[in-house]
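K.L.:
no sequence for this one, just the structure:
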């Protein structure tokens, strides 16, 4: 794709997200979601590969009915109540359908099956955008709806745990594994959103930080399969040594950064007296921790295939992207000691 064309679509993607973030009216929020969707589809299909075209088609076929359902429910609510404001949703059926439609747009369980297949057809950087930036606009609407339908939020959050954990156990493609990782992290956010929106925002920030680090490391060697993880040590030995730590942080293992949001969520649920919910969430997190441990084992213990005809490249060229990667890796693994400071702002 022409760089100028790509920059135009990137600016449209940024504009659509900002429109939704700054909107309290359903029409403007829906318009921002549509701009966002229309901008990402050419970026998904820019590789001119059958898998990319398939991913773009699947993404459009999922996003179109979800956006139509959101607009229909907003119109129905406005017809019955006379209110177009997002925080004025008072009718049960339209609100429930909007929550399910937003979950469909973000790839949450039980309407998640499109996300792993779409990510599988993308290059790693586009998959990173779809896993992080594209969730920001629907997430902002969720934050404005957090006070409604606590049962729906809890059910979606509890459904995501087994789906994300079990779904990632038998995967060998890194993009599909990270898709199920995204589904699992969305479950933690949905579970605590109704009780503490600030803690939900913190969890989302931590998820974006750790996911950015993992995707950028995979992009260094174009690691599309777990079988290529050991080869990463040939190109970047230092970063390869940090991959297991980063993966365990993404799984929420103490004393790494990824443990912070899960710790705070379980603590908040316990303070509210929801001990069964907190225990179930903690135990369900073991499923996702298992496939992170499997990736850590493959990347650190398994030896790469030797080939004497290929010279090893031991140095990375210096670039701003690599500097950002180093910073994100440090933040993704070493922020747990400042948890009390972060918690004081929440």
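P.N.:
On my side now, so go ahead. No experiment lies behind these values; they were computed from the predicted model shown. Numbers count the residues shown, from 1 in each chain.
K.L.:
for this protein, where's the lowest mean pLDDT among helices and strands?
P.N.:
Taking mean pLDDT, DSSP states H and E as the measure, the chain has helix 232-235 as its least confident helix or strand, at a mean of 74.
K.L.:
List the buried residues in the host helix or strand of residue 68.
P.N.:
Using DSSP states H and E, residue 68 falls within helix 50-81. Neighbour counts over helix 50-81 (16 or more other Cβ atoms under 10 Å) mark 52, 54-56, 58-59, 62-63, 66-67, 69-71, 73-74, 77-78 as buried. Every C-beta, even on glycine, is put in place using the N, C-alpha and C of the backbone.
K.L.:
quick revisit: in terms of secondary structure, what does the least confident helix or strand of the chain contact?
P.N.:
On a contact count with 3 or more Cβ pairs under 8 Å, 6 or more residues apart in numbering; DSSP states H and E, helix 232-235 meets helix 197-220, helix 237-250.
K.L.:
Which positions in that helix come out as buried?
P.N.:
For helix 232-235, the neighbour count (16+ other Cβ under 10 Å) marks 232, 233, 234 as buried.
K.L.:
do the same with stretch 274-290
P.N.:
274, 277, 278, 281, 284, 285, 287, 288, 289.
K.L.:
Surely the last one is within a strand?
P.N.:
Right, residue 289. No. Assessed with DSSP: H, G, I helix; E, B strand; the rest coil, residue 289 is helix; it does not lie in a strand.
K.L.:
Quick check, it in contact with residue 252.
P.N.:
Yes. Using Cβ atoms under 8 Å, residue 289 is in contact with residue 252, at 6.8 Å.
K.L.:
where along the stretch 51-200 of the chain do the helices fall?
P.N.:
All helices of the stretch 51-200 of the chain, identified by DSSP state H, counting those that start in this stretch, fall at 92-106, 114-120, 124-131, 136-144, 150-167, 174-193, 197-220.
K.L.:
deepest of the ones you listed, which one?
P.N.:
Burial of these is given as mean neighbour count (mean count of other Cβ atoms under 10 Å); helix 174-193 ranks first at a mean of 25.
K.L.:
what angle do it and helix 92-106 make?
P.N.:
On the basis of axes from the mean of the first three to the mean of the last three Cα atoms, to 10 degrees, helix 174-193 is oriented at 150 degrees to helix 92-106.
K.L.:
same for helix 174-193, what does it pack against?
P.N.:
Counting by 3+ Cβ pairs under 8 Å, 6+ apart, helix 174-193 packs on helix 114-120, helix 124-131, helix 136-144, helix 150-167, helix 197-220, helix 259-271, helix 275-300.
K.L.:
Show the average pLDDT along it.
P.N.:
Helix 174-193 shows a mean pLDDT of 87.
K.L.:
Please state the offset of that helix from the chain centre?
P.N.:
Put simply, helix 174-193 sits 6 Å off its chain's centre (Cα atoms, centre = their mean, to the nearest Å).
K.L.:
Which residues are in contact with the closest residue to residue 329 other than its chain neighbours?
P.N.:
Using Cβ to Cβ, 6 or more residues apart in numbering and skipping residues adjacent in sequence, the residue nearest residue 329 is residue 213, 5.1 Å away. Contacts for residue 213 (Cβ atoms under 8 Å, 6 or more residues apart in numbering) come out as 246, 325, 328, 329, 332.
K.L.:
The second one contacts residue 216, correct?
P.N.:
So that's residue 325. Yes. Contact criterion Cβ under 8 Å: residue 325 and residue 216 qualify, at 4.7 Å.
K.L.:
Show me what counts as buried in stretch 339-346.
P.N.:
For stretch 339-346, burial by neighbour count (16+ other Cβ under 10 Å) applies to 342, 343.
K.L.:
wait, stretch 38-49
P.N.:
Within stretch 38-49, the residues scored as buried using 16+ other Cβ under 10 Å are 39, 40, 41, 43, 44, 45, 46, 47.
K.L.:
What of stretch 256-276?
P.N.:
Buried positions in stretch 256-276, judged by neighbour count with 16+ other Cβ under 10 Å: 256-266, 268-269, 274.
K.L.:
Now do the same contact list for residue 248.
P.N.:
256, 258, 289, 292, 293, 296.
K.L.:
Distance check, residue 235 against residue 246.
P.N.:
Counting by Cβ to Cβ, to the nearest Å, the gap between residue 235 and residue 246 amounts to 16 Å.
K.L.:
again with residue 29
P.N.:
34 Å.
K.L.:
circling back to that earlier point, so which of the helices and strands packed on helix 174-193 gets nearest residue 99?
P.N.:
Comparison of those against residue 99 by Cβ to Cβ identifies helix 150-167 as nearest, at 5.3 Å.
K.L.:
Next up, phi/psi of residue 230, please.
P.N.:
Residue 230 adopts backbone torsions of phi -60, psi -30, taken as degrees, to the nearest 10.
K.L.:
Could you give the number of residues near it?
P.N.:
When neighbours are defined as other Cβ atoms under 10 Å, residue 230 has 18 of them.
K.L.:
Does it touch residue 295 like I think?
P.N.:
No. Shown here, residue 230 and residue 295 do not form a contact pair, counting by Cβ under 8 Å, at 11.1 Å.
K.L.:
Residue 164: what's its closest spatial neighbour, skipping adjacent residues?
P.N.:
Nearest residue to residue 164 in three dimensions, chain neighbours excluded: residue 184, at 3.2 Å (Cβ to Cβ, 6+ apart).
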